[in-house]
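Participant: how would this look folded up:
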Amino acid sequence: MSNNRRDFLKLSGITGMGLLGAGLSGFTPEQLNQVHAQSQRKHVQRFNMSGFAAPKMNVVRVGVIGLGMRGPGAVNRLSKIEGVEIKALCDLRPEMVDKVMKSLEGTSHKPETYSGSAYAWKKMVDRDDLDLIYIATPWEWHTPMAVYAMEAGKHAVSEVPIAITLEECWQLVETSERTKKHCMQLENCCYDFFELMTLSMARDGYFGEIIHGEGAYIHDLLDLNFKKGDGYQEMWRLQENYRDGNIYPTHGLGPICQIMDINRGDQMDYLTSLSSNDFHMRAHAEKLAEEDNFYATYATKKYRGNMNTTVVKTKKGKSIMIQHDVSSPRPYSRIHLISGTKGMAQKWPTEGISSGHGWLKEEDMTALREKYTPEIVRKVGEMAKQIGGHGGMDFMMDWRLIDCLRNGLPLDQDVYDAALWSAITPLSEWSVANRSNSIDVPDFTGGSWSNNSPVDITLAGGGTTGVRV
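Facilitator: You can find the predicted model right below:
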């Protein structure tokens with residue numbers, strides 16, 4: 001182990017629990033003060049990871065950590081992508097590892113397994129025959145595992161959110177720049193079909209100059225948040241709802257940021273955030289506790305408000321709205337609204353595009369889909385729908401990741417995107433706690449945003465990776 005990695009372990013407290021659990025009870029006043037201090041931090045970029053392309057690798061050797069809710073699906077998808085070798089699997093619970101191993105029977109993948117300890121993953125990451133660490137664990141482990149992986153010479157990708165504090169966001173940026181290893185947040189919604197089409201349209205100037213964008217995560221998860229087991233080890237997802245802010249911004253925000261060239265031509269300047277009161281979570285916990293004493297502790301907690309609305313102003317004077325509500329009885333929506341000087345698009349409640357006062361007719365929408373469906377969808381879209389993962393967007397995300405690594409291409413999402421999109425949570429929590437006062441959004445790019453190139457969704461130089469159906 002290098003001296004750098006020893007220093008990291010010593011300073012971060014990762015060998016104990018010093019870095020873990022920060023997001024499970026809501027920030028204290030002292031932690032909120034730290035958020036404000038970290039928001040003012042100025043970054044001197046050591047190496048620009050935007051547009052960075054690692055050396056080509058014909059075979060991508062993967063280790064997966066976390067086999068609860070998201071990990072098994074990731075293993076299944078990766079097993080079907082040409083040029084992937086799943087070398088190692090890790091989960092705290094041996095039975096989860098055994099279950100995923102059985103799912104790989106009959107394939108060419110024969111991974112070694114790690115389990116039974118909260119730190120078994122470190123032994124796996126320390127192997128010298130892995131290129132990529134795929135992290136699908138509870139949120140509080142994402143940054144520690146990603147940082148450790150990069151320190152060990154591996155590229156790191158993580159389920160969302162990749163960080164829960166601003167300090168973790170800065171850790172990811174600084175480690176990625178120093179090690180020159182990719183650090184990608186696995187924001188699958190950037191690969192949904194309508195989002196990709198509107199990105200293609202924006203690149204062609206269809207909407208004119210983008211003025212405003214809206215994204216959200218509105219999803220009635222009241223019952224699921226309180227469900228025992230089901231992959232949510234020790235009710236970790238429920239406990240994240242003790243934080244009063246936008247705790248899950250990236251699904252709605254990621255596609256909007258790509259379309260608005262955030263980190264690549266524009267940058268967030270400041271935000272303000274407001275939450276309603278909690279009208280459901282505490283009451284639901286109290287009701288459950290009447291029937292099951294298991295919920296007695298949860299019935300005494302203070303939960304986040306039902307609806308959080310966060311508004312961002314960019315350096316170039318544009319605006320973004322992000323909403324979060326997982327406890328109200330509402331239909332699912334990520335909104336995905338793009339408004340420009342020549343037209344607009346909105347995905348929910350129904351897909352629509354407008355160039356004036358009314359929505360385009362279906363025949364016009366069909367023509368637009370034919371013109372603006374990007375290459376990635378034409379190549380693997382139908383196979384993605386068959387393989388699955390939120391309608392296919394999960395598979396397109398994984399396929400694109402592997403194809404970029406195999407062809408030595410920059411990733412669509414870099415460490416600056418990962419840090420910025422995740423930073424919305426602690427920044428919004430500070431704003432909510434301070435009567436919706438505005439707070440600066442840190443520039444994780446160190447000023448390089450003004451010259452970084454926009455995301456390229458073509459398959460130029462890539463698209464060579466096959467799929468094993």
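Participant: Find the residue at the geometric middle of this protein.
Facilitator: Nearest to the geometric centre of the chain sits Val160, at 3.2 Å (Cα atoms, centre = their mean).
Participant: quick one: that one and Leu253 touch, right?
Facilitator: No: using Cβ atoms under 8 Å, Val160 makes no contact with Leu253, being 10.0 Å away. Bear in mind the C-beta positions are built from the backbone N, C-alpha and C, glycine included.
Participant: coming back round to it: which residues are in contact with the residue nearest to the centre of the chain?
Facilitator: By Cβ atoms under 8 Å, 6 or more residues apart in numbering, the contact list for Val160 reads 185-187, 248, 250-251, 421-422.
Participant: Quick check: it vs Thr309, distance?
Facilitator: From Val160 across to Thr309, the span is 20 Å (Cβ to Cβ, to the nearest Å).
Participant: picking up where we left off before, and for the residue nearest to the centre of the chain, nearest residue in space, chain neighbours not counted?
Facilitator: Thr250 (4.6 Å; Cβ to Cβ, 6 or more residues apart in numbering).
Participant: Lys318 now?
Facilitator: Looking at Lys318 with Cβ to Cβ, 6+ apart, the closest residue is Ile211, at 5.9 Å.
Participant: The helix or strand hosting the one you found: which residues count as buried?
Facilitator: Here Ile211, judged by DSSP states H and E, is contained in strand 210-218. Neighbour-count burial for strand 210-218, counted by 16 or more other Cβ atoms under 10 Å, picks out 210, 213-218.
Participant: from those, which is closest to Glu168?
Facilitator: Nearest to Glu168 among those is Tyr217, at 20.2 Å by Cβ to Cβ.
Participant: That closest one is in contact with His336, isn't it?
Facilitator: No: between Tyr217 and His336 there is no contact, the gap being 11.2 Å when judged by Cβ under 8 Å.
Participant: between those two, what contacts are shared?
Facilitator: Shared contacts of Tyr217 and His336, counting by Cβ under 8 Å, 6+ apart, come down to Gly252.
Participant: tell me the mean pLDDT over stretch 173-188?
Facilitator: The average pLDDT within stretch 173-188 is 98.
Participant: what about it, start to end distance?
Facilitator: 21 Å (Cα to Cα, to the nearest Å).
Participant: That stretch: how far from the chain's middle?
Facilitator: Computed by Cα atoms, centre = their mean, to the nearest Å, the chain-centroid distance of stretch 173-188 equals 12 Å.
Participant: Low-confidence ranges, this structure, go.
Facilitator: 1-25, 230-231 (pLDDT under 70).
Participant: His284 belongs to a helix, doesn't it?
Facilitator: Yes: remark: His284 belongs to a helix, assigned using DSSP: H, G, I helix; E, B strand; the rest coil.
Participant: which residues in the stretch 351-469 of the chain form helices?
Facilitator: In the stretch 351-469 of the chain, the helices defined using DSSP state H, counting those that start in this stretch lie at 362-372, 375-387, 393-407, 415-433.
Participant: now stretch 68-75: how far from the chain's centre is it?
Facilitator: 15 Å.
Participant: Output that stretch as CSV, restricted to C-alpha atoms.
Facilitator: Extracted as CSV, the C-alpha positions of stretch 68-75 are listed here (Å, rounded to 0.1, in the frame of the first residue of the first chain):
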residue,chain,number,x,y,z
GLY,A,68,-28.7,-5.5,-2.3
MET,A,69,-31.1,-3.4,-4.3
ARG,A,70,-29.1,-2.2,-7.3
GLY,A,71,-26.0,-4.5,-7.4
PRO,A,72,-27.6,-7.7,-8.8
GLY,A,73,-29.1,-5.8,-11.7
ALA,A,74,-25.8,-4.2,-12.5
VAL,A,75,-24.0,-7.6,-12.4
